[in-house]
Structures are given as C-alpha cells and as structure tokens.
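A.B. asks: Can you look at this prediction? I've put the sequence above it.
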Amino acid sequence: MAQADSNSNSQRLDYGKLMIISMAYIALGLNVQGFKAMLPLVRSDLLLSGTQAGLYTTFFFLSATIIAVFSGRVVDTLGSKRGLVLGAFIVGAVMLLHSFVPALSLLLALAFFTGIGFSIITPSVNKGVMEIVPARRRALSLGITQAGGGIGAILGASLLPLFGQIYGWRTAIFVAGLVAIGFSLLLLVAYKPPRPDSTASPSSSSFWQDVKLLLGNKALLCVAMMGFLFGFTLSTVTTHLAIFLNYEIGLTPALAGFALAVFQIGGVFGKTGWGYINDTYLWGNRRMGFLLIGVLAASATLLLGTLVPMGVISGVGVFVVVFYFGATGMGIPGLFFAAVGDIVSDKLMGTATGLSLVFIRVGVVTGPPLFGLIADWQGSYRPSWIMLGVIMLTLTTLFYILAGRFLPAPSSQQR
C-alpha cells in the first residue's frame with residue numbers, strides 16, 4: 001500500500017510550477033502576436049507597404065530557425081530556470097526598443113533579435129517540464145505550458161490593437177514589453193527547479209557530436225516529421241484562413257478575423273486536451289496519439305475544401321469547423337515535445353528540442369507560399385485545402401508506419 005501511495009504521489013502534477021513555467025510563453029504570445037495584430041497601425045505610422053509589413057514575420061522566424069539548435073545547447077548549459085528568465089527578458093527588452101523605431105530597417109533588425117528570445121524560451125520550457133514531470137504525465141504537462149502561448153496570443157491580439165488605437169501602438173508595445181520583463185523577474189524569484197542550475201550537467205561531448213548523434217536517431221527524425229507537419233499546417237491556416245473566409249465564403253473582414261481567434265481558442269483546448277487524452281486514455285502511446293490528431297485535423301481541412309464552399313456548412317457551422325480544426329490541428333505540441341523527451345536523455349533535451357524546432361520552422365516557412373501558389377493557380381482556395389488534407393493524411397500514415405519500427409513503446413512505468 002505504501003508503495004502504491006508513493007507511485008501515486010510521483011504521478012501528481014505540480015500545477016503551480018507548470019503555471020510559473022508557462023509565464024514565459026504567455027509573455028512571448030502577448031508581445032509577438034500582439035505586435036503582429038497592431039501591424040496595420042505600424043504600417044500606417046511608418047508608411048510601409050504590405051510586403052514590407054510582411055517581412056516582420058520573415059525576419060522573426062529567420063533568426064528563430066537559424067539559431068534553434070544552438071539555443072537548445074545554450075539551455076542545456078545554463079539550465080531551465082536561467083533559460084526561462086533570459087528568454088522572457090530578451091523578448092521584453094527588445095519589444096521596449098520596438099516603441100522607438102523610426103524606420104523599417106531597425107524594425108526588421110529588432111524582429112530578428114526577438115526571434116532569438118523565442119528560440120531560448122521553447123527549449124527552456126521543455127527542459128523544465130522534463131525535470132519536474134514523470135513520463136506518464138508529460139504530454140498533458142507540455143500541453144498546459146504550450147497553452148500559455150495561446151493564452152498570451154489571444155490576450156495580445158485582442159487587447160493591444162485596442163490599446164494601440166487609444167494610446168498609440170508605441171505605448172501599447174512598450175507596456176507589453178514591461179510585462180514580459182516583469183514576468184522574467186517573477187520567474188527568477190518564483191521558479192524553483194528540482195536542482196540548482198549551477199549543478200546542471202550538460203553533455204560532455206562537443207556540440208557537433210551531439211547534433212550528429214541526434215541526426216542519427218531514427219526515432220527522433222520520425223517524430224520530427226510530425227513537427228514539420230504541425231509547422232506547415234499552423235502557418236498555412238494563420239496566413240490564409242481569414243482571406244479564404246472573406247473572399248470565397250463572404251464573411252466580413254471582422255468575422256473572418258474572429259474566426260482566426262476561434263481557431264486559436266480551439267488550439268488552447270487542443271494542446272491540453274490531447275495531452276490529457278494521450279497520458280490518461282492512450283497510456284502514453286505517442287504513435288496512436290499522433291495518428292488520431294492527424295486524421296481528425298485532416299478531416300477539418302477537407303470540410304473547408306468541400307462542404308463549406310458548397311454552402312452545406314454555413315453560418316455558425318463554419319466557426320464550429322474552425323474551432324474543431326484548432327482543437328485538432330493545434331493539438332500536437334504537447335504530444336510532440338513529450339515524444340522527443342521519451343527518446344533523448346535529459347542532458348540533450350535542449351539540443352534535441354532546438355533540432356526538432358528546425359523541422360517545425362521549415363514547415364512554417366514552406367507551407368503558406370505553397371498553399372497560396374496552388375490557390376492562385378486554380379483561382380480558388382478549395383484545391384489548396386484538399387491538398388493540405390492529403391498531405392496531412394500522407395505524412396501521418398507514413399509516421400504511423402515508421403513509428404512502429406523506431407519509436408519506443410509505452411513503458412510499464414508509464415502505465
């Protein structure tokens with residue numbers, strides 16, 4: 001009986017620590033998504049073209065992609081707490097500087113440095129969760145912390161444009177930057193990792209030896225395939241969904257934008273919900289979890305490419321489909337990073353996270369232009385949605401087949 005109680009206690013989550021860790025993501029989402037939501041105000045003030053305004057996201061993800069693996073190594077060396085504090089502080093400090101930019105060139109430079117803070121936060125969050133959560137509960141825990149980014153994004157996208165209209169976008173982003181710095185100080189004071197960062201023990205081998213070792217890990221590359229699919233899908237939807245609903249379905253720009261917010265809300269539920277389902281009902285079976293999410297999310301894209309344009313699904317039904325898409329298509333992160341944690345050692349968690357993020361961001365960069373190219377070629381977004389659904393089903397099926405060979409089965413400890 002005593003042993004059973006001990007095992008039960010070891011499976012309990014420290015929700016307080018998870019909430020503290022998620023503050024870094026909340027700060028990130030509040031600032032980055034909030035600033036993007038204010039781009040119409042920024043564009044008007046700095047006299048930018050649409051293409052120039054779009055370069056902000058390009059430069060943000062450019063640095064985030066280039067240094068992803070290196071920032072993971074930094075986190076393995078510094079430890080989770082220092083990484084969380086540093087990442088949130090960088091985001092806040094650079095966002096403060098946003099409020100003083102006089103021209104596009106400096107704005108793009110600041111976007112580049114913001115991406116550096118972003119690249120430090122993600123491996124720090126994942127390493128922190130792996131340190132305090134047993135394998136049996138990691139998908140849910142990572143889903144909870146990932147949902148912090150969605151909450152921050154919703155707050156930023158809804159509050160900062162309103163605040164910017166009243167007080168000016170420079171004041172709005174200055175305040176948001178102060179909030180991020182405040183969160184970094186709270187993390188410094190409130191977060192207590194299980195072991196001091198000064199005793200963290202990173203890999204004793206060289207950085208490139210570790211990267212070579214990870215690239216030779218077939219199980220990790222198998223999971224990375226689903227990371228690519230997640231990045232491809234997420235960036236495609238956030239770029240084109242509102243345009244599709246406005247131009248082809250006839251929703252007003254305001255309703256089309258609201259649909260994108262509904263997608264993000266569905267994502268908050270999906271990130272935590274699918275983590276809970278995988279930990280509780282699938283006993284940590286990542287292979288089956290990915291299969292379910294991939295098939296269900298693909299069905300949403302097929303609905304958007306067929307029944308929605310035909311008018312079979314209309315009105316409130318469109319928002320139901322969009323919420324369903326968010327709850328499935330954005331349900332991968334917790335499961336994804338938990339699977340990475342199942343495969344690699346704690347010493348390499350930061351580096352492995354950084355490497356896996358490269359695959360996600362390759363998907364982020366390639367998805368929107370390919371989706372838009374097909375829409376331009378066909379004169380409609382309908383073939384693009386169907387194409388996306390086919391890609392999702394193909395990669396999910398391929399993952400399921402390969403995962404049977406390379407991915408570790410759920411251990412008895414997880415059960």
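C.D. replies: Sure, I can see it. Residues are numbered from 1 along each chain as shown.
A.B. asks: As PDB, could you dump the C-alpha coordinates of stretch 285-296?
C.D. replies: Output of stretch 285-296 as PDB, limited to C-alpha atoms (Å, rounded to 0.1, in the frame of the first residue of the first chain):
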ATOM      1  CA  ASN A 285       1.100   5.800 -26.800                       C
ATOM      2  CA  ARG A 286       2.500   8.700 -28.800                       C
ATOM      3  CA  ARG A 287       2.100   6.700 -32.100                       C
ATOM      4  CA  MET A 288      -1.600   6.300 -31.700                       C
ATOM      5  CA  GLY A 289      -2.000   9.900 -30.400                       C
ATOM      6  CA  PHE A 290      -0.400  11.400 -33.500                       C
ATOM      7  CA  LEU A 291      -2.500   9.200 -35.700                       C
ATOM      8  CA  LEU A 292      -5.700  10.300 -34.200                       C
ATOM      9  CA  ILE A 293      -4.800  14.000 -34.300                       C
ATOM     10  CA  GLY A 294      -3.500  13.800 -37.900                       C
ATOM     11  CA  VAL A 295      -6.600  12.100 -39.200                       C
ATOM     12  CA  LEU A 296      -9.100  14.300 -37.400                       C
END
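A.B. asks: Now do it: distance to the chain's middle.
C.D. replies: How far stretch 285-296 lies from its chain's middle: 18 Å, per C-alpha atoms, centre = their mean, to the nearest Å.
A.B. asks: now do stretch 79-88
C.D. replies: With C-alpha atoms, centre = their mean, you get 18 Å for stretch 79-88.
A.B. asks: Just the residues contacting it, thanks.
C.D. replies: Residues outside stretch 79-88 that contact it (C-beta atoms under 8 Å, 6 or more residues apart in numbering): 21, 23-24, 27-28, 74-75, 78, 117-121, 123-125, 127-128, 131, 180-181, 183-184, 187-188, 191, 193, 196-198, 200, 350. In this view, the C-beta of every residue, glycine as well, is placed from N, C-alpha and C.
A.B. asks: Can you list the buried residues in stretch 395-405?
C.D. replies: 395-396, 399-400, 402-403 (16 or more other C-beta atoms under 10 Å).
A.B. asks: one step back: would you write a ChimeraX line that selects the buried entries of the contacts of stretch 79-88?
C.D. replies: A single ChimeraX command selects the buried members of those (16+ other C-beta under 10 Å):
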select :21,23,24,27,28,74,75,78,117,118,119,120,121,123,124,125,127,128,131,180,181,183,184,187,191,193,200,350
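A.B. asks: Sticking with residue 102, tell me its helix or strand.
C.D. replies: Using DSSP states H and E, no element contains residue 102; it sits outside every helix and strand.
A.B. asks: Could you report the distance from it to residue 279?
C.D. replies: 50 Å (C-beta to C-beta, to the nearest Å).
A.B. asks: just residue 296 next, same as before
C.D. replies: 18 Å.
A.B. asks: more neighbours, the two?
C.D. replies: Between residue 296 and residue 279, residue 279 has the larger neighbour count (other C-beta atoms under 10 Å), namely 28 against 19.
A.B. asks: If we go by neighbour counts, what in the host helix or strand of that one is buried?
C.D. replies: Residue 279 is part of helix 253-280 when elements are defined by DSSP H and E. Buried residues in helix 253-280, counted by 16+ other C-beta under 10 Å: 256-279.
A.B. asks: List the buried residues for stretch 230-247?
C.D. replies: By 16+ other C-beta under 10 Å, the buried positions in stretch 230-247 come out as 230-242, 244-246.
A.B. asks: Closest to residue 48 out of those?
C.D. replies: residue 239 (18.0 Å; C-beta to C-beta).
A.B. asks: and the closest one, what is it in contact with?
C.D. replies: 367-368, 371-372.
A.B. asks: Filter the contacts of stretch 79-88 down to just the ones in helices.
C.D. replies: 21, 23-24, 27-28, 74-75, 78, 117-121, 123-125, 127-128, 131, 180-181, 183-184, 187-188, 350 (DSSP state H).
A.B. asks: so residue 330 touches residue 269, yeah?
C.D. replies: No: at 9.0 Å, residue 330 does not count as touching residue 269 under the criterion of C-beta atoms under 8 Å.
A.B. asks: rewinding a little: who are the packing partners of the helix holding residue 279?
C.D. replies: helix 138-167, helix 218-247, helix 286-305, helix 316-329, helix 332-343 (3 or more C-beta pairs under 8 Å, 6 or more residues apart in numbering; DSSP states H and E).
A.B. asks: Give me the mean pLDDT for the fourth one.
C.D. replies: It refers to helix 316-329. For helix 316-329, mean pLDDT rounds to 92.
A.B. asks: export that helix as PDB, just CAs?
C.D. replies: Taking Å, rounded to 0.1, in the frame of the first residue of the first chain, the C-alpha atoms of helix 316-329 are listed here in PDB:
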ATOM      1  CA  VAL A 316     -22.300  29.200 -37.100                       C
ATOM      2  CA  GLY A 317     -21.300  25.900 -38.600                       C
ATOM      3  CA  VAL A 318     -18.200  27.500 -40.200                       C
ATOM      4  CA  PHE A 319     -17.000  28.600 -36.800                       C
ATOM      5  CA  VAL A 320     -17.700  25.200 -35.400                       C
ATOM      6  CA  VAL A 321     -15.400  23.700 -38.100                       C
ATOM      7  CA  VAL A 322     -12.700  26.300 -37.400                       C
ATOM      8  CA  PHE A 323     -12.800  25.500 -33.700                       C
ATOM      9  CA  TYR A 324     -12.700  21.800 -34.400                       C
ATOM     10  CA  PHE A 325      -9.700  22.400 -36.700                       C
ATOM     11  CA  GLY A 326      -7.900  24.400 -33.900                       C
ATOM     12  CA  ALA A 327      -8.700  21.700 -31.300                       C
ATOM     13  CA  THR A 328      -7.100  19.000 -33.600                       C
ATOM     14  CA  GLY A 329      -4.600  20.700 -35.800                       C
END
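A.B. asks: Run the angle between that helix and helix 286-305 for me.
C.D. replies: Interaxial angle, helix 316-329 versus helix 286-305 (axes from the mean of the first three to the mean of the last three C-alpha atoms, to 10 degrees): 150 degrees.
A.B. asks: Please tell me how far helix 316-329 is from the chain's geometric centre.
C.D. replies: The answer for helix 316-329 is 18 Å, by C-alpha atoms, centre = their mean.
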